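Undergrad: What follows is a protein structure lacking sequence information:
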C-alpha cells in the first residue's frame, strides 16, 4: 500500500503545480470554503442523515424537500418535477440576464438499496473517520476549531453517490456569492430521485417538463474521479441491463442425504449455466455478445492512451492476484460490454447452512453496455444463450405442471430500467470549454470517452438532443453501491473548486 | 397429486391387510393410544416448544432435563452422560430380570440449525395444520373430544427429526404398562444432544460410558419411512463429509460498472469450479471419486430390487422434470456417494441486490458417503480436484499478500464431524428378529441396505462392536433439515405400534 500512496502523492503534486488555481471563481470558492469547512460538512451530514431509498415513498420525498430548501437558501428558484408514481426530481434555475448559454447540472439524491447489517455504522447516521475503514479508521469528532484533516472521510449511504455534488454545488454557490462573482450562463439543476432504481421515470419527467429543460449541455455530477486521484472529465457512460435467472430443483428443500444424487441440484445447474457464459480470462462466450460495438474515434483512442496507468497500483489496493481481459488496461476494457454476477444465492451458507438439496438457485447479472448495443439486445442474447443450453424459459414463477414438463427450466426476468450507453464527442465546442474550465480550476485533467458506470445520459441525448459531459468528484475508493460508502473530505473541497469554475464559466 | 394419493391409499391398504396387528404389544399400545391421543400430542408439543440447537448451551441442556423427566415419569432410571463442552446425552435403562438380550434405542433431541424468517410459523411454537402447508394447510386446534384426523400434521423444528421417536417411545411404554405387558429384553435409551452438529462428542461419550452401553444391538430411531408410506427397516446409513469453499475477488465489493470485466468476479469463478465437479447427468467428475466402494451382497441387491418403485410418484410430488443418475432408481443411487451443493452465496440477490462486483463467493458442499470411502478420503479428493483447477488452497482467511500472490486462491474448510458410512448384515439373527417383530407390528416391511441420510452409526460399530439397525417412523415429506419441518399424526400412531413391539421383543 505504501507504493500506491507514494505514486498518488506524486500525481497529486503534479496536479497542484499544473495550471490549477488560475480560475477566479475557484479561488473565490476556495477562500470561502477554507473559512466555512465545519458549516459545509454539518449541512452535508444533515442531508446524509435522511434515508433515501427510491422505493421509500415518504422518505425520498422528504429528501426532495430538503434538497429544494438547500437550493432556495442560495436564492435558487426551485420546483418539484412530478410524474405519477415516482419520486420528484428537484429542479432549480438561476437565470442570468444576457446569458447566451444554458448549462444544466445533474445529480441524484437517492441511494443504492442496502442491508444495514453489513454496515460498520448505520448507513443513515453519518460519521467521520480518521482514515478508511479498511485501514482501521476510527470514528472521530470534527474539531471545534482549526483545520480539518482533508484525508478524513465521511461514512454514510450516498456520501459519494450522489449527495456529495449537491453539497459541493451549494457550497460553491455560497463562495461565488460571498465574492460577488457574477455568473455568465443560465444555470439549471436537475436532481433526480430514483437513479439507483434505474431511472424508470426520468424519460417521462424530461418529456413532461421539456420546456423547462432547454440547454446547451448537461453536466453530469456523478461517479468517481480517476484512480490516480487526478480530476477527470468523462464524455460518456456505459449502459446497463440487468437479468435475474432462477433455476428450479424440487418444489421445496429436501434432505440432502435422502435425495442427494437423485433429485437434480439447482445450484449445481446454475453453476454450469453461468460457467458456460464466460471463459477463464473473462471473455464472454455468449454468441454475438460483442457484435455491433461502435468503434472509438482517433481522439478517443488518444485520450485512453494518455490516461495514467494505475492498473498495477489498483491491483495492490484491491489485493487482486490477476485481472481479466487478456492484459488490456482497465480504461480500455471499459469500452467493451461487461457481464457481471452481482449476486448469487441458493439455500444457506455459513452458520445457517444445513444439509439440504436446495429448491431454487438464483443469480443476478448486470451487463454494462457500450455504444452500439442496447439493453434489449444484450438481454436477448443472454436469453438466447440460456435457451441454447437446453432451458425452457419462463418469465414468472412456474407452477408444478410446468416444473414437471421441462427437464431444464429457467425463470429469466429482465429488470425494467435498463438503459443504453452514451458518448459525447470530445471535439464539440462545449466539450472543449468544459475541459479548459476544469483545467483552470484543477490542473491537468484525465479525459475519458466513457466511465465504467451507468447513468441514464442517453435519455437526455435522445429526448432533448443535448450533449452530456460527466464531471465527477468522489474518490474512487468510496465503496459506492456497497456497504460503508464514504467520501474523502479533500474530494469535497476539490469538488467545490471545480463546481465554482463550471458554474461561473 | 391425485394419482399419488391413490397409489398411497392402495399401498396403505396392503399394509393393513398384511400380517399387521398380530403383535400383542402393538395391540396393547394402540388401544391405549386411541384413548389418550390428546395427552400424547400435548406432551409432545410441550417438548417441541423447547428451542433445541446444539450450540445453544442453556437451551439444549433444558431439553436434556425435560427428556430425562419424560423417561423418569415412565419409571425409567436415567442419567446424563456428560463430557466437557458438549450437550449431555440422556441415558435411560429398564433392566428386565432374566433377560438374555439388551437392546439400545437411539434418538437425538437436538434439531438442525435454521433461519426463523423462512418458517411459516415460529419453529419452536408447534402448531397443528389440517393438511401439509404446501397444500394450503391451515392452523387448527385439536378437538376437545372425538377422533383426531390422523392426516393432520404438527409443524415445529424436530417434529420429525428427531423428537418424534422420544414421544413415540414414551407413549409405547405407557401403553405396555397399562396393559401390564412385561418386557423380555433389557432396554436402554441413548438420546443424543448434538447429532445435527455432526455428533462431535458421541465417540467420546461412548468411550467414557462404555460400561453402561453393553448391548446386542442399537436400534436407531431416526429418518423417514419409505416414500410409499410403508414401514421400513434400514441396515445402514451413508456417511458424510462437508466442505466449505470460498473464492476471492477484490478485497471489498466494487462498483460493477467501474471495475466489471477488469476485476475477476469470484461468483463466476465459483460457478466454473463447481461446474467442473459434476456432469449434466449428476456424475461426479472428481478423479477417484467412486474408487473403493464396497459392493453390495446378494441379499442387499435383492432387497433393493424388491423395494417399491416410487420414483415416478416422487417426481410428481416434488415437481421434478428429471432425475440424475442415468435412469437408476433412487434406492439404487443411495448406494453411491453423492456430491451436493447445500448452499451457495455471493453478495446479494432479489430486493437487496445491488450493482456490485462481489468480494467473495462461497459454496458449502456435503458429500454422502458409502461403505469403503471415509470422510477424510472424500474431502481429500475434492481438495485435490480444486488444486488441479489451478487453485492455491488455504485453510484460513488469506491476507492481502496471499490474495495478491495467487491468481486463483480458494479457502477450503473441511468441517469437523464428518463420519463414515455403516452397513449391518441383513442375515444376522438380531436383524432377522427385528424384521419379524416389525412385520408383526406393521405388516410388510421395506428392507434397505442403507438410508440416504447420515447418522453416526459407524462409531457404535467401531467402539462398541454392536450392530445398528434403523427403524424410522417419520413421514418422508417432513421437511426435515429445512424450514416448516413437520410430522403427520398417523406416523406418530404407527410409530407407537412399532416401538411397542420392539420394546417388548
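TA: Yep, it's here. If you're wondering where the values come from, they're calculated on a predicted model, not measured in any experiment.
Undergrad: Residue ranges of each domain in chain A, please.
TA: Listed domain ranges for chain A are A:2-237+A:421-504, A:239-293+A:336-414 (source: automatic domain parsing).
Undergrad: Okay, residue A:56 and residue A:487: tell me how far apart.
TA: According to C-beta to C-beta, to the nearest Å, residue A:56 and residue A:487 sit 22 Å apart. Heads up, the C-betas are built off the backbone N, CA and C, glycines and all.
Undergrad: and if you look at residue A:403?
TA: For residue A:403 relative to residue A:487 (C-beta to C-beta), the value is 48 Å.
Undergrad: if you count what's nearby, which of the two comes out ahead?
TA: Neighbour count, other C-beta atoms under 10 Å in any protein chain shown: between residue A:403 and residue A:487, residue A:487 has more, with 30 against 19.
Undergrad: Hmm, that one is touching residue A:167, no?
TA: No: look at residue A:487 against residue A:167 with C-beta atoms under 8 Å: they stay out of range, at 9.1 Å.
Undergrad: one step back: nearest to residue B:43, out of the domains of chain A?
TA: Among the domains of chain A, the nearest to residue B:43 by C-beta to C-beta is domain A:239-293+A:336-414 (26.3 Å).
Undergrad: I'd like the average pLDDT over that closest one.
TA: When pLDDT is averaged along domain A:239-293+A:336-414, the result is 97.
Undergrad: contacting residues for the closest residue to residue A:86 other than its chain neighbours?
TA: Spatially, and ignoring its direct neighbours in sequence, residue A:86 is nearest to residue A:201 (3.7 Å; C-beta to C-beta, 6 or more residues apart in numbering or on different chains). Applying C-beta atoms under 8 Å, 6 or more residues apart in numbering or on different chains to residue A:201 gives the contacts A:83, A:85, A:86, A:194.
Undergrad: correct me, but the third one touches residue A:200?
TA: This means residue A:86. Yes: counting by C-beta under 8 Å, residue A:86 touches residue A:200, with 7.3 Å between them.
Undergrad: which secondary element of chain A has the worst mean pLDDT?
TA: In chain A, no helix or strand scores lower on mean pLDDT, DSSP states H and E than helix A:2-17, which sits at a mean of 43.
Undergrad: Can you name the next helix or strand after that one?
TA: helix A:24-34 (DSSP states H and E).
Undergrad: what's the closest non-adjacent residue to residue A:161?
TA: residue A:480 (4.3 Å).
Undergrad: Hmm, residue A:158 and that neighbour touching each other?
TA: No: Residue A:480 is beyond contact range of residue A:158, at 9.2 Å (criterion: C-beta under 8 Å).
Undergrad: For the stretch 201-350 of chain A, which residue gets nearest to chain B?
TA: residue A:257 (3.2 Å; C-beta to the nearest C-beta).
Undergrad: correct me, but that residue touches residue A:354?
TA: No: using C-beta under 8 Å, residue A:257 is not in contact with residue A:354, being 11.5 Å away.
Undergrad: Of these two, which one has the most company?
TA: residue A:257 (27 against 23).
Undergrad: Tell me which residues touch the nearest residue in space to residue A:192 that is not next to it in sequence, please.
TA: Once flanking residues are discounted, residue A:192 sits nearest to residue A:108: 4.1 Å by C-beta to C-beta, 6+ apart. By C-beta under 8 Å, 6+ apart, the contact list for residue A:108 reads A:162, A:191, A:192, A:193, A:194, A:195, A:196, A:222.
Undergrad: per-residue pLDDT, residue A:19?
TA: Residue A:19 is given a pLDDT of 44.
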